[in-house]
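**Student:** need a structure here:
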Amino acid sequence: MSTNDNDPHSDPEKCMEILLRVPLTLHYLTEGNANVIYSIAPNTTDPDLALHDHCCVLRMRKDLPTTRPTLVNMTAIRDRITPLFGPEHVHNLMPKALYPLTENTLQQADEILRKLDKHLAESKAGSRVPAGRGPGHPPLNEEPHAVLMPNLRHGDHTLFHEFKPKWLHQSPSAPAGARRCRTCATNALKRSKGGKKGKGDSGFCPLDLFSDDRAIIKGILQKIDPEHGDSDWFIDAFLQQIQPVIQHLATLQAEHNTEVLKTPAILAHTTMLLRWRRLKVAHVKLADLDLKLMTDENLKKWAKMENELISSGVYTSTAMPGSACALERQLD
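**Tutor:** Alright, predicted model coming up:
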């Protein structure tokens, strides 16, 4: 893929605008708890349109009681999340467009999931994804929209990475003398119980993301990308282009820290997407900023977790190996 003005993918939002107007062929890419992501190709004989093959993805929500209608979610992001980033950082939000679903598109998606489930069952490979993530999509009369987004993995000479910065400040309820931040304490507790490592357990402390120590940043980047993490160009790019976005995210978390697990939880569970082309940062984007459905059950679960972090002593314990928390190093 070239980098000149004739590059059809130089403007991701232009790609999205074009793909909104044509029928799509879906290809399963990945999925999470709430959505399935499909790589898409324009169903066309026009060679210019065909250039937009797999440059974008379509996110379709699952038919679960915990998912919100796409239009409701997009409106909430526009009204509550986007204004928090202002003119300086709004370009760091992942571009999104509301895509009107058709019966054909929905049938494609459902057929893809049925075939995938059948294949996994016949090969005894288990379910599509970990338990609880397998449902299909709502009917068209209940969910007429999907979300169209750029595919940051697309293109020649491209590297793609993602990680979750998580909580960038200490919990306000952490005890005095804590040796771990909220994220490191949570990960240490899960490991002590033999729990499965999740996306939030990146192997580094989120408080270290602010460090100006190149050795510390190098250690973080080697966790994100073992092949390129010790490269000077990667470290320089992180300090100059990625760290300012993390600083802004931390500022927002601090400003909204009095909101009990609402906006702070959204900001803490964002995913940072990094796209590199020819050893240069092409995009630094924040995704997964969807407003969570704040049920009493969720609030109780999160409050219970925080109480357990305190009562178990994991914040202050000296006998929890492997946390690598910045606070612990400061005390030792």
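**Student:** okay, CA-based contacts and neighbour counts for the rest of this
**Tutor:** Will do.
**Student:** Check which helices and strands the helix or strand bottoming out on mean pLDDT in the chain is in contact with.
**Tutor:** Lowest mean confidence among the helices and strands of the chain (mean pLDDT, DSSP states H and E): helix 263-268, at a mean of 76. Helices and strands touching helix 263-268, by 3 or more CA pairs under 8 Å, 6 or more residues apart in numbering; DSSP states H and E, are helix 243-255.
**Student:** tell me the mean pLDDT for the helix it packs on?
**Tutor:** Averaging pLDDT along helix 243-255 gives 93.
**Student:** neighbours of Asp53, just the number please.
**Tutor:** 17 (other CA atoms under 10 Å).
**Student:** Just give the nearest non-adjacent residue to it, would you?
**Tutor:** Once flanking residues are discounted, Asp53 sits nearest to Ala41: 4.4 Å by CA to CA, 6 or more residues apart in numbering.
**Student:** quick one, phi/psi of that neighbour?
**Tutor:** phi -130, psi 140 (degrees, to the nearest 10).
**Student:** residues contacting Ser173?
**Tutor:** By CA atoms under 8 Å, 6 or more residues apart in numbering, the contact set of Ser173 is empty.
**Student:** May I ask you to confirm that it belongs to a strand?
**Tutor:** No: judged by DSSP: H, G, I helix; E, B strand; the rest coil, Ser173 forms no part of a strand; its state is coil.
**Student:** can you offset everything so residue one is 652?
**Tutor:** With the count now opening at 652, the last piece we talked about shows up as Ser824.
**Student:** From Cys706, how far out is it?
**Tutor:** 44 Å (CA to CA, to the nearest Å).
**Student:** Could you do Lys936 as well?
**Tutor:** Using CA to CA, Lys936 is found at 16 Å from Cys706.
**Student:** what's the least confident helix or strand of the chain in contact with?
**Tutor:** Helix 914-919 has contacts (CA under 8 Å, 6+ apart) with 815-819, 900, 903-904, 907-908, 940-943.
**Student:** What mean pLDDT does the next helix or strand after that helix get?
**Tutor:** Next in sequence after helix 914-919, counting helices and strands by DSSP states H and E, comes strand 922-928. For strand 922-928, the mean pLDDT works out to 86.
**Student:** roughly how far is strand 922-928 from the heart of the chain?
**Tutor:** Computed by CA atoms, centre = their mean, to the nearest Å, the chain-centroid distance of strand 922-928 equals 11 Å.
**Student:** Now do that strand: which elements does it pack against?
**Tutor:** Counting contacts by 3+ CA pairs under 8 Å, 6+ apart, strand 922-928 packs against strand 809-814, strand 931-938.
**Student:** Mean confidence (pLDDT) on the last one, please.
**Tutor:** Across strand 931-938, the average pLDDT comes to 82.
**Student:** Kindly report the same for stretch 828-839.
**Tutor:** Taken as a whole, stretch 828-839 carries a mean pLDDT of 92.
**Student:** for it, how far is the first residue from the last?
**Tutor:** Stretch 828-839 has an end-to-end distance of 17 Å (criterion: CA to CA).
**Student:** roughly how far out does it sit from the chain middle?
**Tutor:** Offset of stretch 828-839 from its chain centre (CA atoms, centre = their mean): 22 Å.
**Student:** Among the contacts of helix 914-919, name the buried ones.
**Tutor:** Among those, the ones that count as buried by 16 or more other CA atoms under 10 Å are 815-819, 900, 903-904, 908, 940-943.
**Student:** Dump these to a markdown table, plus distance to His796.
**Tutor:** Formatted as a markdown table, the buried ones among the contacts of helix 914-919 follow (distance: CA to CA, whole Å):
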| residue | distance to His796 |
| --- | --- |
| Lys815 | 27 |
| Pro816 | 29 |
| Lys817 | 29 |
| Trp818 | 31 |
| Leu819 | 33 |
| Leu900 | 29 |
| Leu903 | 30 |
| Gln904 | 30 |
| Asn908 | 33 |
| Leu940 | 18 |
| Asp941 | 15 |
| Leu942 | 17 |
| Lys943 | 18 |
